[in-house]
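# Please find the sequence and the predicted model below.
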Amino acid sequence: MYRYGDGVDKNEATAAEWFRNAADQGHADSQYNLGYMYQHGRGVDKNEATAVEWYRNAAEQGHAFAQFTLGHMY
């Protein structure tokens, strides 16, 4: 909701914090979303190496978009 401003003021830094909370607990969609945030510098400093790490975590759980994006980044 923070990422898009859906029902709250848009705040990508807060969105990234929530994605990280869930990603650290192994939630594949959040790992993918956090990878996206790092890849594009949305709410966090742009860091493609960190993006790859999060995409890889999600991809290893079978997340198709993460697998595709990871392959594209390689």
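That came through, no problem.
# Any idea how far apart the tips of stretch 38-56 sit?
For stretch 38-56, the first-to-last residue distance is 13 Å (CA to CA, to the nearest Å).
# Return the distance of it from the chain's centre.
In terms of CA atoms, centre = their mean, to the nearest Å, the centre of stretch 38-56 is found 7 Å from the chain centre.
# outside of that stretch, which residues touch it?
Under the contact criterion CB atoms under 8 Å, 6 or more residues apart in numbering, stretch 38-56 has outside partners 3, 11-16, 23, 31-32, 34-37, 66, 69-70, 73. In short, each C-beta sits where N, CA and C put it, glycine included.
# quick one: contacts for L34?
By CB under 8 Å, 6+ apart, the residues touching L34 are A16, F19, R20, A23, W54.
# List buried members of those residues by neighbour count.
A16, F19, R20, A23, W54 (16 or more other CB atoms under 10 Å).
# Can you tell me the element the first one falls in?
When elements are assigned from DSSP states H and E, A16 belongs to helix 12-23.
# do the same with the last one
For W54, the host element (DSSP H and E) is helix 48-59.
# chain center to that helix, what's the gap?
8 Å.
# for stretch 67-74, same thing?
Taking the mean of its C-alpha atoms, stretch 67-74 sits 14 Å from the chain's own mean (CA atoms, centre = their mean).
# for the most centrally placed residue in the chain, phi and psi?
Centroid-nearest residue in the chain: L34, 1.6 Å away (criterion: CA atoms, centre = their mean). Dihedral angles phi and psi of L34 (degrees, to the nearest 10) take the values phi -70, psi -40.
# any idea what sits nearest it, other than its immediate chain neighbours?
The spatial neighbour of L34 that comes closest, neighbours along the chain excluded (CB to CB, 6 or more residues apart in numbering), is F19 at 4.3 Å.
# Enumerate every residue touching that neighbour.
Neighbours of F19 in contact, by CB under 8 Å, 6+ apart: S30, N33, L34, M37.
# Buried ones among those residues?
Among those, those classed as buried by 16+ other CB under 10 Å are S30, N33, L34, M37.
# Filter those down to the ones in helices?
S30, N33, L34, M37 (DSSP state H).
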